[in-house]
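*Asks:* Turn this into a structure:
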Amino acid sequence: MFCLAHSHVVTSNPHRSKAQIRRWRRYLAEERAEAAVYRELAARKGGEERDILLKLAEAEDRHAAHWQRLLGEDVGLPLRPRLGSRLLAFLAGRFGSVFVLTMAQRAEARSGYREDEHATEAMAADEQIHEEVVRALAAAGRQRMSGTLRAAVFGMNDGLVSNLALVLGIGASGASTTTILLAGFAGLLAGALSMGAGEYVSIRSQRELLEASAPNPEASRVLSDLDVDANELELIYRARGMTAKEAQEHAEEILQRLEFGAEEIDEHEEIGSAPAAAISSFCLFSAGAIIPVLPYIFGLSGLPAVFTAAGLVGAALLLTGAIVGVLSGASPIKRALRQLAIGWGAAAATYALGLLFNSNGA
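*Replies:* Model (predicted):
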């Protein structure tokens with residue numbers, strides 16, 4: 001369990017400036033907002049996680065009390081928190097997911113108490129520890145959704161980028177709108193089927209490999225017949241990576257209990273259902289791949305269609321990149337721009353190649 005330090009009372013400075021008062025009032029509003037977020041999250045949790053979140057809220061209350069004491073009669077009417085804090089409170093009250101926890105983690109990381117002489121060292125330390133506490137709370141959720149998130153982002157981005165590149169490359173070569181539409185839908189169907197089949201084979205193969213590595217439960221039935229002096233059971237544990245001494249001690253313990261089965265099998269990460277993964281990949285790829293085709297479906301052609309398709313795909317790439325950034329605790333802007341640069345770079349290369357073929361054909 002973690003420990004949160006208490007902030008001490010700071011004597012009010014009669015010569016404080018208006019800028020200081022504004023800053024302290026802003027701190028007060030943000031601390032109150034963060035406390036409310038943690039209480040909203042706690043209301044949707046249980047057990048140890050709920051208790052931790054409530055402790056975090058209590059710490060934010062102490063920080064708020066510090067600024068309120070420092071302000072004294074200048075506390076004024078409550079300020080509205082920043083837009084990001086209000087959004088976080090809104091999401092916490094309705095979802096309480098890992099998405100909210102990662103946003104709270106970033107909020108804790110932005111604390112300016114280290115550079116503010118009117119914040120106590122204990123408060124600055126609290127904020128740094130809060131970041132790590134929230135990071136730990138979010139870690140389990142990230143682990144649970146890492147496989148799903150990877151498949152979702154990969155499938156959507158692959159559909160966006162590959163079909164945009166295909167459509168722009170075909171269009172730049174001088175093909176008609178009908179040909180571009182046919183190519184776009186062919187790319188959508190072929191890519192979606194390929195993604196779905198690939199995900200199915202991947203999940204099935206992984207599951208079969210794990211099943212091949214799992215101990216045979218029938219082995220537990222022969223434990224009572226083993227030669228205690230020879231004790232070949234220890235060879236199993238040595239093969240699993242234990243030292244000879246560790247394997248012997250563990251084997252003796254097992255023989256004493258005459259149990260060997262499920263608890264000896266290493267716990268593997270949940271890999272999900274192969275059919276569900278295949279359907280999900282098919283749908284996500286299709287959802288991404290249809291976007292660059294939309295301008296041509298609605299009758300656009302030439303450069304207007306190119307710019308519209310690139311703009312729509314760019315917006316989708318920014319969105320997926322920002323979501324990955326938020327969930328990973330990194331900068332959503334940097335992740336969004338990285339996705340955009342990669343996607344537009346690939347599309348620009350195929351568009352230039354299509355122009356080259358068009359000029360050679362002419």
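*Asks:* Show the pLDDT at residue 59.
*Replies:* pLDDT, the model's per-residue confidence, is 91 for residue 59.
*Asks:* For residue 180, see how far away it is.
*Replies:* 58 Å (Cβ to Cβ, to the nearest Å). (Glycine included, C-beta is placed from N, CA and C.)
*Asks:* how far away is the nearest residue to residue 297 once chain neighbours are set aside from residue 240?
*Replies:* Spatial nearest neighbour of residue 297, chain neighbours left out: residue 181 (7.0 Å); criterion: Cβ to Cβ, 6 or more residues apart in numbering. The gap separating residue 181 from residue 240 is 57 Å, by Cβ to Cβ.
*Asks:* More neighbours: which of those two?
*Replies:* Set residue 181 next to residue 240 and count neighbours by other Cβ atoms under 10 Å: residue 181 wins out with 16 against 12.
*Asks:* what's near enough to touch the more buried one?
*Replies:* Going by Cβ atoms under 8 Å, 6 or more residues apart in numbering, residue 181 touches 293, 296-297.
*Asks:* Which of those residues has the largest number of neighbours?
*Replies:* Ranking the contacts of residue 181 using other Cβ under 10 Å puts residue 293 first, with 23 neighbours.
*Asks:* can you pull the contacts of that residue?
*Replies:* 163, 167, 181, 184-185, 188, 309.
*Asks:* Include pLDDT when you put those into JSON lines, please.
*Replies:* Listed next are those as JSON lines, based on pLDDT from 0 to 100:
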{"residue": "163", "pLDDT": "93"}
{"residue": "167", "pLDDT": "93"}
{"residue": "181", "pLDDT": "93"}
{"residue": "184", "pLDDT": "93"}
{"residue": "185", "pLDDT": "94"}
{"residue": "188", "pLDDT": "94"}
{"residue": "309", "pLDDT": "94"}
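*Asks:* Where helices are concerned, which of those count?
*Replies:* 163, 167, 181, 184-185, 188, 309 (DSSP state H).
*Asks:* Of the residues you listed, just say which sits nearest to residue 26.
*Replies:* residue 309 (43.3 Å; Cβ to Cβ).
*Asks:* Find the residue closest to the closest one in space, skipping its chain neighbours.
*Replies:* According to Cβ to Cβ, 6+ apart, the nearest residue to residue 309 is residue 292 (4.3 Å).
*Asks:* just checking, that neighbour touches residue 311?
*Replies:* No: using Cβ atoms under 8 Å, residue 292 makes no contact with residue 311, being 10.1 Å away.
*Asks:* Pick out whichever of these two has more residues nearby.
*Replies:* residue 292 (31 against 11).
*Asks:* Look at that one and tell me its secondary structure.
*Replies:* Here residue 292 is helix, with the state taken from DSSP: H, G, I helix; E, B strand; the rest coil.
*Asks:* how about it, what does it touch?
*Replies:* Listed by Cβ under 8 Å, 6+ apart, the contact set of residue 292 reads 160, 163-164, 167-168, 184, 309-310, 312-313.
*Asks:* Taking those residues, tell me the two that lie furthest apart.
*Replies:* The widest separation within the contacts of residue 292 (Cβ to Cβ) is 13.9 Å, between 184 and 310.
*Asks:* Quick check on the two: which one has the bigger neighbour count.
*Replies:* residue 184 (24 against 20).
*Asks:* Quick check: closest non-adjacent residue to that one.
*Replies:* residue 293 (3.8 Å).
*Asks:* circling back: nearest to residue 74, out of the contacts of residue 293: which one, please.
*Replies:* Nearest to residue 74 among the contacts of residue 293, counting by Cβ to Cβ, is residue 309 at 55.5 Å.
*Asks:* and the host helix or strand of residue 237, what other elements does it pack with?
*Replies:* Residue 237 is part of helix 233-239 when elements are defined by DSSP states H and E. With contacts defined as 3 or more Cβ pairs under 8 Å, 6 or more residues apart in numbering; DSSP states H and E, helix 233-239 has these neighbours: helix 244-257.
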